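Chemist: quick one, fold the following:
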Amino acid sequence: MRTIPRHQCMIYQGSAATTLPGLAATLAEKLMAKKRCLFLNSPPVIGWMQKCLAGAGVDVPGETAKGALVLSSDQGHLSGGRFDTDRMLSLLGEMVDTARADGFAGLWAAGDMTWEFGAERDFDKLLDYEQKLERLFARKPGVEGICLYHVDTVPAGAIQSALQTHRAVYINETLSRVSPWYVDPFCGGLAPDIPDAEVGRMLARDSGAGI
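Modeler: Numbers count the residues shown, from 1 in each chain. Alright, predicted model coming up:
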């Protein structure tokens, strides 16, 4: 049985609400595993997630009160309204250390990339950020998570970067797929362009083997 990579991406179309039940189920499992869980997204999506978590049997107020669950739309990681790669990575590193210090097994985090990048949406910074984030995961074994990519709100190049910088694509709470285009950031270089048809096949939810 293969180990599921700790750093995954999820690429989806349409309403975010369609993805939330599966994410809520995954988050509930991480809470059971004594992980502190952080979910970053817009205020409406945070509201939907609260309902999905309650439907999954999570005591949202209780888990929030004890610091196990953090649902946030805060964009304090932005610097002057702009996404700062090093600032974001520093904050995540501190969150992992704090979670461990507070007695949790580690940190599980999921965030919408469009929301994280703020109004500026300078996705030219994306590849560098994801490569450095992969290195952070290598240094911090206590962190795991999912980067959310909404096809309707990110440029096409961002999807290619996502598939090149994550070892696996999260499909739902029971299925992930290894990305054949992943490039190890410690080795350098970039994979060739990914045909649209191949991306579609990879992201199909109803066929193929998972991990």
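
Chemist: next up, the contacts around residue 140.
Modeler: Residue 140 makes contact with 93, 96 under the criterion CB atoms under 8 Å, 6 or more residues apart in numbering. Any C-beta I mention is one placed from the backbone N, CA and C, and that applies to glycine too.

Chemist: look up phi and psi at it.
Modeler: With angles defined as degrees, to the nearest 10, residue 140 sits at phi -120, psi 90.

Chemist: show me where the protein has its strands.
Modeler: 7-12, 35-40, 69-72, 106-112, 143-150, 168-172, 175-178 (DSSP state E).

Chemist: can you put those in TSV and add mean pLDDT?
Modeler: Output for these, formatted as TSV (pLDDT from 0 to 100):
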stretch	mean pLDDT
strand 7-12	94
strand 35-40	97
strand 69-72	96
strand 106-112	96
strand 143-150	96
strand 168-172	91
strand 175-178	89
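
Chemist: where does this structure dip in pLDDT?
Modeler: 1-2, 188-192, 201-211 (pLDDT under 70).

Chemist: still on that earlier bit, residue 47 is nearest to which of the strands of the chain?
Modeler: strand 69-72 (9.0 Å; CB to CB).

Chemist: and that closest one, how far out from the chain's middle?
Modeler: Here strand 69-72 is found 14 Å from its chain centre; the criterion is CA atoms, centre = their mean, to the nearest Å.

Chemist: can I get the strands of the chain in TSV including distance to residue 26?
Modeler: Shown next, in TSV, are the strands of the chain (distance: least, CB to CB, whole Å):
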stretch	distance to residue 26
strand 7-12	10
strand 35-40	9
strand 69-72	13
strand 106-112	8
strand 143-150	8
strand 168-172	8
strand 175-178	10
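
Chemist: could you redo these as JSON lines and give each row mean neighbour count and distance to residue 157?
Modeler: Shown next, in JSON lines, are the strands of the chain (neighbours: other CB atoms under 10 Å; distance: least, CB to CB, whole Å):
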{"stretch": "strand 7-12", "mean neighbour count": "21", "distance to residue 157": "13"}
{"stretch": "strand 35-40", "mean neighbour count": "24", "distance to residue 157": "22"}
{"stretch": "strand 69-72", "mean neighbour count": "18", "distance to residue 157": "27"}
{"stretch": "strand 106-112", "mean neighbour count": "22", "distance to residue 157": "18"}
{"stretch": "strand 143-150", "mean neighbour count": "23", "distance to residue 157": "11"}
{"stretch": "strand 168-172", "mean neighbour count": "22", "distance to residue 157": "17"}
{"stretch": "strand 175-178", "mean neighbour count": "18", "distance to residue 157": "21"}
